[in-house]
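Undergrad: Just a sequence and a predicted model for now, questions to come.
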Amino acid sequence: MHSRWVRQHPSPTPVAPPELFQVAGHPLRWQLLGELSRSDRTVQELTGLVGEAQNLVSYHLRKLRDAGLVSTRRSSFDGRDAYYAADLTRFGDLLSATASALHPGLAFTPPSSDDVVRRPVRVLFLCTGNSARSQIAEALIRARSGGAVEARSAGSQPKSMHPNAVRVLREKLGVDPDRYEPKHLDLFVRERFDWVISLCDKVREVCPAFPGEPETIHWSIADPSAVTGRRESWAAFQDLTAELETRIGFLLAVASTTTT
């Protein structure tokens, strides 16, 4: 009688939920991803932030790592510890696939890092030597933001800039390396920043407090200066630049959506 209202064909919706829902749908894993989306963290830090036992946190981190949503790197400050980082690019890819799996009209487009930064933003990048990572990050965020972000870099034990850092600044970013001479972080301890970002596990341990309580972020990034061999060293600097471009892209997406 009412057969015209009865669906005659099965729904194309897959029976099993997409991988993202299976892995990240757990409340604690979602909370862990939220913390790691802001800063790299150790297990001990995550345990305190989410208020759960370390063995439970480690179990769920392993699940996230197996899914490629989280990576881990041994700390250069304390080799017994490790830093976890969220792979936001991988998460975005899975999110897009998840939406499209439900309906093609839900294709996901992530925020563009090229969006206009809505307010003045000041960022300080720190590493121990202020000889490679922090200068490249400073130059990248200036270029990617079109100068809208006022960036600085410094170190706890400044030393001469690595030749390959000079090469990245000059050849890849098209800036004058002389503008990025190494500086001690004490030079900026009385200045106000929106974000203070440590790129080195060692400098994080000695980072002073800054006025205005800026958001402190840690990116646990391997030091390319430790890589020997001409080709290997240059490849490490290229990998560093690519990683910083990705992280800075997501940081600028946050800045472009923040109005206060």
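TA: Noted; the coordinates are in hand. Since we're looking at a predicted model, the values are computed, not measured.

Undergrad: Which strands or helices does the one helix or strand R247 maps to pack on?
TA: Using DSSP states H and E, R247 falls within helix 230-257. When contacts are defined as 3 or more C-beta pairs under 8 Å, 6 or more residues apart in numbering; DSSP states H and E, helix 230-257 packs onto helix 88-102, helix 133-144, helix 163-167. Just so you know, the C-beta spots here come from the backbone N, C-alpha and C atoms, and that holds for glycine as well.

Undergrad: Which of the ones you listed sits closest to A255?
TA: Evaluated with C-beta to C-beta, the helices and strands packed on helix 230-257 place helix 133-144 nearest to A255, the distance being 9.3 Å.

Undergrad: And the average pLDDT for the closest one is what?
TA: Helix 133-144 shows a mean pLDDT of 96.

Undergrad: before we move on, what about stretch 229-239?
TA: Per-residue scores along stretch 229-239 average to 97.

Undergrad: was I right about G155 contacting P182?
TA: Yes. Contact status for G155 versus P182: in contact at 6.2 Å, counting by C-beta atoms under 8 Å.

Undergrad: Mutual contacts of the two, please.
TA: Listed as contacting both G155 and P182 by C-beta atoms under 8 Å, 6 or more residues apart in numbering are 129-131.

Undergrad: now the angle between helix 133-144 and the helix holding R247, please.
TA: Note on geometry: by axes from the mean of the first three to the mean of the last three C-alpha atoms, to 10 degrees, helix 230-257 and helix 133-144 are set 50 degrees apart in direction.

Undergrad: which one of G155 and P182 has more residues nearby?
TA: G155 (25 against 18; other C-beta atoms under 10 Å).

Undergrad: P211 versus that one, what's the distance?
TA: Using C-beta to C-beta, to the nearest Å, G155 is found at 20 Å from P211.

Undergrad: likewise N130?
TA: 21 Å.
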